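A.B. asks: Model the structure of this input:
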Amino acid sequence: MAGTNNFSVSRYAPDRGAWGRLTARDSMVRRLDWPLLFSSIALSFLGSLLVWSATRNRTELNQGDPYYFLFRHVLNTGIGIALMVGTIWLGHRTLRGAVPVLYGLSVVLVLLVLTPLGATINGAHAWIVIGGGFSLQPSEFVKITIILGMAMLLAAKVDAGDQVHPDHRTVAKSLVIAVVPMVIVMLMPDLGSVMVMVVIVLGVLLASGASNRWIFGLIGAGVIGAVAVAALGVLDQYQINRFAAFANPELDPAGAGYNTNQARIAIGSGGLYGAGLFNGHQTTGQFVPEQQTDFIYTVAGEELGFIGGATIIALLGVVLWRACRIARETTELYGTIVAAGIIAWFAFQSFENIGMTLGIMPVAGLPLPFVSYGGSSMFAVWVAIGLLQSIRVQRPLAA
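C.D. replies: Predicted coordinates:
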């Protein structure tokens with residue numbers, strides 16, 4: 001059976017990491033997905049310019065140095081790219097064996113947020129302050145370990161040729177892997193990250209071939225859970241106000257609806273070509289809160305106009321397109337599930353971030369992948385790119 005299964009590992013070259021022995025004609029460099037890499041770098045480059053524009057006049061934040069956030073954003077990007085290279089070097093199959101350790105470490109880190117080591121930044125108690133002006137948001141790394149942990153369980157018997165699809169017991173075990181950190185993150189409460197994790201779980205299960213009963217059951221459980229969370233008062237008042245302002249933008253325009261209203265004004269004033277980099281009145285006037293992080297897209301809309309905003313969306317589209325192609329081309333279920341989880345993560349988080357600046361989604365405090373300022377988010381998305389590149393590099397060798 002193992003010899004005929006589509007996901008048989010025997011169809012691959014021996015696993016020596018992504019830098020295994022390849023022929024000169026079929027070298028690792030040629031195997032990299034260059035459109036994926038270039039579009040990711042382009043997004044980070046645009047993000048550097050937008051972060052610089054949003055913070056160069058914010059003396060209360062940049063300690064009097066207009067280049068403060070620019071330097072740190074570029075540094076975060078550089079570290080993220082280094083993590084991508086390290087992930088490719090190790091290979092996603094090698095990391096498969098380390099998943100239990102990585103998962104356990106990520107759970108410990110999110111638990112630490114609930115201790116006195118945790119810190120509240122921008123209204124969210126989701127951080128661990130390391131010192132020297134650096135902080136860590138563990139929930140960003142939980143997104144990766146949920147994908148890897150669920151993929152490891154769901155694909156084990158299928159890749160070994162023992163099953164065609166994961167059975168109900170395996171699916172249930174994989175859901176436990178996701179639920180444990182999600183409950184901890186919900187207790188912070190970090191609703192935005194939980195929303196992303198729910199979408200990741202659905203994407204992973206769809207890619208795994210799990211029974212549709214699980215999919216519909218989880219959607220129903222999610223609706224019930226959302227009602228229960230609201231009824232039990234788990235959410236902070238500011239989060240409840242955000243949803244109320246989304247439902248009725250005129251409810252509190254100077255309070256809960258202020259961010260969204262100012263964001264829409266900024267984007268709307270950009271027109272087709274924008275006011276020019278560093279020339280946005282809303283940006284220089286500091287009318288939009290958290291503009292270097294959650295509302296970074298408003299800088300693009302105001303200063304680079306429709307063209308600049310559309311360019312960011314197009315580049316994100318290229319990232320998703322290449323990720324979909326990688327998921328489709330791999331013949332191991334583990335790689336397909338990992339790629340699908342990353343696709344679900346990037347797609348939903350991008351839609352939510354851009355959507356909340358346009359007023360079509362509630363404000364949830366999620367960064368725009370590759371573009372928003374923030375080390376933890378930047379590191380996590382580049383590790384994800386490394387996983388995608390590893391899956392492509394280690395695809396079946398030509399006969």
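A.B. asks: Next SSE downstream of the strand or helix carrying Ser44?
C.D. replies: Assigned by DSSP states H and E, Ser44 belongs to helix 34-55. Scanning forward in sequence from helix 34-55 by DSSP H and E, the next helix or strand is helix 59-62.
A.B. asks: Contacts made by the helix or strand that that next one is followed by with the rest, please.
C.D. replies: As assigned by DSSP H and E, the chain's next helix or strand after helix 59-62 is helix 68-90. Residues outside helix 68-90 that contact it (CB atoms under 8 Å, 6 or more residues apart in numbering): 17-19, 41, 44, 47-48, 51-52, 54-56, 61-62, 95, 292, 373-375, 378-379, 381-383, 385-387, 389-390, 393. For the C-beta atoms, the positions are set from N, CA and C on the backbone; glycine is no exception.
A.B. asks: again, but for stretch 110-128
C.D. replies: Applying CB under 8 Å, 6+ apart, the contact partners of stretch 110-128 are 109, 129, 135-139, 142, 181, 184-185, 187-190, 193, 236, 238, 290, 293-294, 365.
A.B. asks: what about 7 Å?
C.D. replies: 109, 129, 135-139, 142, 181, 184-185, 187-188, 190, 238, 290, 365 (CB atoms under 7 Å, 6 or more residues apart in numbering).
A.B. asks: Show the buried residues in the residues you listed.
C.D. replies: Listed as buried from the contacts of stretch 110-128 are 109, 135-139, 142, 181, 184-185, 188, 190, 290, 365; burial here means 16 or more other CB atoms under 10 Å.
A.B. asks: okay, stretch 287-301 in CSV with CA atoms only?
C.D. replies: Below are the C-alpha coordinates for stretch 287-301, written out as CSV (Å, rounded to 0.1, in the frame of the first residue of the first chain):
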residue,chain,number,x,y,z
PHE,A,287,-4.7,61.7,13.6
VAL,A,288,-4.6,57.9,13.1
PRO,A,289,-3.6,55.9,16.2
GLU,A,290,-1.2,53.0,16.0
GLN,A,291,-0.4,53.9,12.5
GLN,A,292,3.0,52.1,12.3
THR,A,293,1.4,48.8,13.4
ASP,A,294,-2.3,47.9,13.1
PHE,A,295,-3.2,50.9,10.8
ILE,A,296,-0.1,50.9,8.6
TYR,A,297,-2.3,50.5,5.5
THR,A,298,-3.7,54.0,6.0
VAL,A,299,-0.2,55.5,5.3
ALA,A,300,-0.1,53.6,2.0
GLY,A,301,-3.7,54.8,1.1
